[in-house]
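A.B. asks: Structure for the following, please:
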Amino acid sequence: MMELNLSRVDYTQVAVTSPKTMKLLPASGKRAIQKVTVGDHEGVVTCFGMKKKETVPVFKTLPSQPIKRLELGGPPGSVADRIFVSCGTEVRGYTKKGKQFLGFNTNLAEPPQAMYVTGSDLFLSGTYVFNHFHDLKDQNYFLAPDKINDVLCLPLEKFSLLTSVLACQDRVLRVLQESDLLYEVEVPGPPTTLCLLNGNGGVEGNELLYGTSDGKIGMVQINSLSPSHRWELPNEKGHGGVLCLDNYDITSDGVQDLLVGRDDGLVEVFGYNETDEPVLRFSHQLNESVTSIQGGVVATAGYDEVVAATYAGWIQGLTTEPQEKEAGPGDEVQVNVETQARIKTLKQELDEIQQKVAREREKYQATAHSSKAISAVPFFNINDKFTLSKDDASYTLSLEVQSAIDNVLLQSDVPIDLLDVEKNSAVVSFSATDPESGNFLLATYRCQANTTRLEVKIRSIEGQYGTIQAYVTPRIQPKTCQARQYSIKPLSLHQRTHSFDESRPMNVLKLSGNFSLAEIHSWVCFCLPELPERTPVGDTATFDFLNTFLDTQLECTYRKGEGIFRSDNISTISILKDVITKQATHRKVNIQITYDLSDDSIPHTLQLIHPRLEYQLLLAKKVQLIDALKELQIHETDLSFLSTEYVNILENADELQAEYKRQPCALERLYGMITDLFIDKHKFKGVNVRTKVPQLMELLDNYDLQTVIDFFHIN
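C.D. replies: This next block holds a predicted model:
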């Protein structure tokens with residue numbers, strides 16, 4: 001397998017871009033130069049080509065509403081060289097020369113967020129509604145139970161019935177035949193993007209690639225009766241979520257490679273091995289999230305490249321063309337006339353930009369000191385994401401701005417832990433807070449020069465809920481900042497799932513009263529993340545959840561006048577009872593509460609906590625020994641008398657300390673969960689056992705699982 005070497009080239013910059021808004025127009029011949037077309041948030045469609053290493057504009061449209069998607073299409077059986085964009089509720093079509101031939105007002109209630117074009121068929125999806133148009137006439141319609149992130153249609157020439165696929169936020173791909181739901185495909189994370197394998201769905205036209213917001217990639221075969229999962233790539237290294245996928249033979253081995261763009265700026269190229277499973281061949285880190293990715297030939301004929309568009313609007317290439325020439329000792333470096341002219345042009349452009357900046361700065365200073373001047377707050381876009389990671393049961397807050405970030409202030413009215421992020425180069429400082437006034441955290445991240453993206457990891461405590469506020473200040477004049485808010489829910493570490501283990505011991509909470517389905521749905525939404533705000537269709541709603549920290553589960557089933565909640569963790573039931581009662585009281589709704597507790601669920605939950613607690617206690621013990629062992633190492637030349645365990649601690653000291661630092665409050669968190677479980681168990685029985693908590697803490701310091709289980713039952 002040959003090594004893949006790609007060199008980065010910057011082409012141009014447009015305004016802020018949305019995912020999947022950049023395409024390469026088809027080439028006129030094999031490996032001939034292709035033109036790039038991109039749509040941005042200013043509503044401008046830009047098309048350019050390359051000539052003698054310089055960008056040559058083909059056309060540029062006038063500004064309008066922000067462009068959410070850009071797709072290529074054409075008449076059935078012809079080359080897909082027509083450009084379609086969705087902006088607002090309108091879909092526009094342009095020829096490759098820039099002439100507008102279509103202006104279609106969809107009259108949809110929701111502006112399209114995703115679009116797919118094939119032949120005479122147009123597929124659009126808003127937040128929840130999917131529409132299919134044939135020859136601009138409405139044909140099919142579907143109302144999804146959760147947010148639609150992407151839409152795609154299987155090749156029409158290979159299927160007798162029109163088959164479309166919706167990527168929905170509730171970790172499901174919904175396969176439709178015309179307007180009817182054929183079946184649902186469960187995937188390991190919320191799918192954000194879809195792509196046909198090899199651009200045509202493979203041999204049978206039914207092979208589909210998907211990427212998720214938690215960084216996983218998979219392939220599924222859409223059969224007529226049921227799906228078949230072919231492979232799945234886990235996100236073991238904790239990379240960002242997948243925003244875009246494409247297929248292109250960048251390795252020139254006759255097999256299409258998989259190109260991946262992630263929201264942390266990572267570009268990846270995967271080849272396929274003998275068993276048709278993906279193998280990483282190349283990766284490159286860009287500074288901004290990659291919103292679109294394409295494979296083709298852009299700069300020089302005969303040289304393949306990966307072209308990426310970033311959130312801030314940069315169009316960049318990773319080309320197979322060598323960008324550096326090596327010279328041996330004593331060799332004279334020859335610069336040809338073309339390169340010399342290019343260097344001269346670049347210097348002139350740089351001088352002009354510097355002069356323009358100086359003039360504008362002087363103009364601004366003069367205006368700033370004028371008594372008649374009116375100050376205007378500059379607007380800037382923020383691309384933010386607040387997602388729960390199942391791997392480490394923490395939230396990742398990512399903030400991205402088009403210009404460089406100066407600082408970010410985080411304020412929280414709920415207790416949270418900030419975890420270390422390796423990719424984060426910002427300097428964090430903490431200010432004193434007053435928890436009694438509801439201010440638990442005040443942290444400032446000061447970013448290095450040219451940092452446009454900041455990532456923060458946060459771990460919350462279940463049962464404590466509130467709001468995190470982020471104040472983002474970019475390096476622009478006059479100084480201004482934007483505030484963003486993120487909710488920490490009472491059951492913040494729960495994640496949607498599609499399976500429920502009935503064999504576990506269950507605690508049941510039943511609510512009844514004069515409330516509507518919409519009211520109880522709003523109460524459940526207040527308690528749990530990843531639920532659609534819109535009231536579910538039908539009389540009854542059922543949602544399953546998994547606690548990402550403990551692996552306990554929760555089932556919520558509710559209808560008008562009744563709600564049933566089942567969980568193997570008493571603390572989960574206790575939190576739900578307290579919060580829903582508070583919400584109902586606030587809305588002056590009278591509810592009756594009954595519960596059925598299982599004593600077997602206590603040892604079950606303690607056994608789920610056991611491996612984590614045992615590991616953290618052992619880690620803490622090892623870290624405590626490191627200083628003493630290092631001192632011994634300094635004074636003793638021969639350490640052969642040490643046990644194997646102590647030698648391992650010395651050898652892995654840095655790794656152990658780094659791991660302990662990454663999870664600063666893990667042990668206290670686990671102690672807190674066991675204490676809450678003890679209090680909640682007896683609270684349901686009307687007994688206050690807070691005076692016995694010190695005894696429990698003493699037991700935990702000398703931890704033995706059976707002793708703790710016995711203590712729960714005796715008391």
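A.B. asks: all contacts plus neighbour counts: C-alpha atoms, from now on.
C.D. replies: Will do.
A.B. asks: Alpha carbons only: can I get stretch 209-221 in CSV?
C.D. replies: Extracted as CSV, the C-alpha positions of stretch 209-221 are listed here (Å, rounded to 0.1, in the frame of the first residue of the first chain):
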residue,chain,number,x,y,z
LEU,A,209,-22.4,5.8,4.4
TYR,A,210,-23.3,7.9,7.4
GLY,A,211,-21.4,10.1,9.9
THR,A,212,-22.5,11.0,13.4
SER,A,213,-22.2,14.0,15.7
ASP,A,214,-20.1,12.0,18.1
GLY,A,215,-17.5,11.2,15.4
LYS,A,216,-18.5,7.6,14.3
ILE,A,217,-18.8,6.5,10.7
GLY,A,218,-20.6,3.5,9.4
MET,A,219,-22.0,1.8,6.3
VAL,A,220,-25.4,0.3,6.0
GLN,A,221,-27.1,-1.7,3.2
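A.B. asks: Tell me the buried residues in that stretch?
C.D. replies: 209-221 (16 or more other C-alpha atoms under 10 Å).
A.B. asks: can you check stretch 169-181 too?
C.D. replies: Across stretch 169-181, burial judged by 16+ other C-alpha under 10 Å covers 169-176, 178-179.
A.B. asks: average pLDDT for stretch 460-473?
C.D. replies: Stretch 460-473 carries an average pLDDT of 93.
A.B. asks: swap in stretch 304-313?
C.D. replies: Stretch 304-313 comes out at a mean pLDDT of 92.
A.B. asks: Burial check on the residue lying closest to residue 453 once chain neighbours are set aside, number of neighbours?
C.D. replies: What sits nearest to residue 453 in space, not counting adjacent residues and going by C-alpha to C-alpha, 6 or more residues apart in numbering, is residue 400, at 4.3 Å. Residues near residue 400, counting by other C-alpha atoms under 10 Å, number 24.
A.B. asks: Give me the pLDDT for residue 400.
C.D. replies: So, for residue 400, pLDDT stands at 92.
A.B. asks: partners of the helix or strand that contains it in the sheet?
C.D. replies: Applying DSSP states H and E as the criterion places residue 400 in strand 394-401. Next to strand 394-401 in the sheet, as set by DSSP bridges, lie strand 382-389 (antiparallel), strand 453-460 (antiparallel).
A.B. asks: quick one, which of those strands is packed in tightest?
C.D. replies: Stretch with highest mean neighbour count among the strands paired with strand 394-401: strand 453-460 (a mean of 21; mean count of other C-alpha atoms under 10 Å).
A.B. asks: List of residues touching that one?
C.D. replies: 287-288, 393-401, 405, 415-421, 423-424, 426, 488, 492-493 (C-alpha atoms under 8 Å, 6 or more residues apart in numbering).
A.B. asks: sorry, back to before: the residue nearest to residue 453 and residue 262, how far apart?
C.D. replies: According to C-alpha to C-alpha, to the nearest Å, residue 400 and residue 262 sit 13 Å apart.
A.B. asks: before we move on, the earlier item: the residue nearest to residue 453 against residue 382, yeah?
C.D. replies: Yes. Between residue 400 and residue 382 there is a contact at 5.6 Å, judged by C-alpha atoms under 8 Å.
A.B. asks: what's in contact with the helix or strand harbouring residue 101?
C.D. replies: Using DSSP H and E, residue 101 sits in strand 100-105. The contact list for strand 100-105 (C-alpha under 8 Å, 6+ apart) reads 89-95, 136.
A.B. asks: how about a cut-off of 7 Å?
C.D. replies: Residues from elsewhere that reach strand 100-105 (C-alpha atoms under 7 Å, 6 or more residues apart in numbering): 89-94.
A.B. asks: the helices in the stretch 401-550 of the chain, which residues?
C.D. replies: For the stretch 401-550 of the chain, the helices defined by DSSP state H, counting those that start in this stretch cover 517-527.
A.B. asks: What of the stretch 251-400 of the chain?
C.D. replies: Counting by DSSP H, counting those that start in this stretch, the helices of the stretch 251-400 of the chain are 337-368.
A.B. asks: Against residue 379, how distant is residue 451?
C.D. replies: For residue 451, the distance to residue 379 - C-alpha to C-alpha - is 18 Å.
A.B. asks: Low-confidence regions, this structure specifically.
C.D. replies: The model of the chain has pLDDT under 70 over residues 1-3, 31, 323-335, 375, 637-640, 643, 651, 659, 661-664, 715.
A.B. asks: quick one: secondary structure of residue 707?
C.D. replies: helix (DSSP: H, G, I helix; E, B strand; the rest coil).
A.B. asks: re the thing from before, CA-only coordinates of the strand holding residue 400 in PDB, if you can.
C.D. replies: Output of strand 394-401 as PDB, limited to C-alpha atoms (Å, rounded to 0.1, in the frame of the first residue of the first chain):
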ATOM      1  CA  SER A 394     -19.000  14.600  29.800                       C
ATOM      2  CA  TYR A 395     -20.300  17.400  27.700                       C
ATOM      3  CA  THR A 396     -18.200  19.000  25.000                       C
ATOM      4  CA  LEU A 397     -18.800  22.700  24.400                       C
ATOM      5  CA  SER A 398     -17.200  23.900  21.100                       C
ATOM      6  CA  LEU A 399     -17.300  27.500  20.100                       C
ATOM      7  CA  GLU A 400     -16.100  28.700  16.700                       C
ATOM      8  CA  VAL A 401     -15.900  32.300  15.400                       C
END
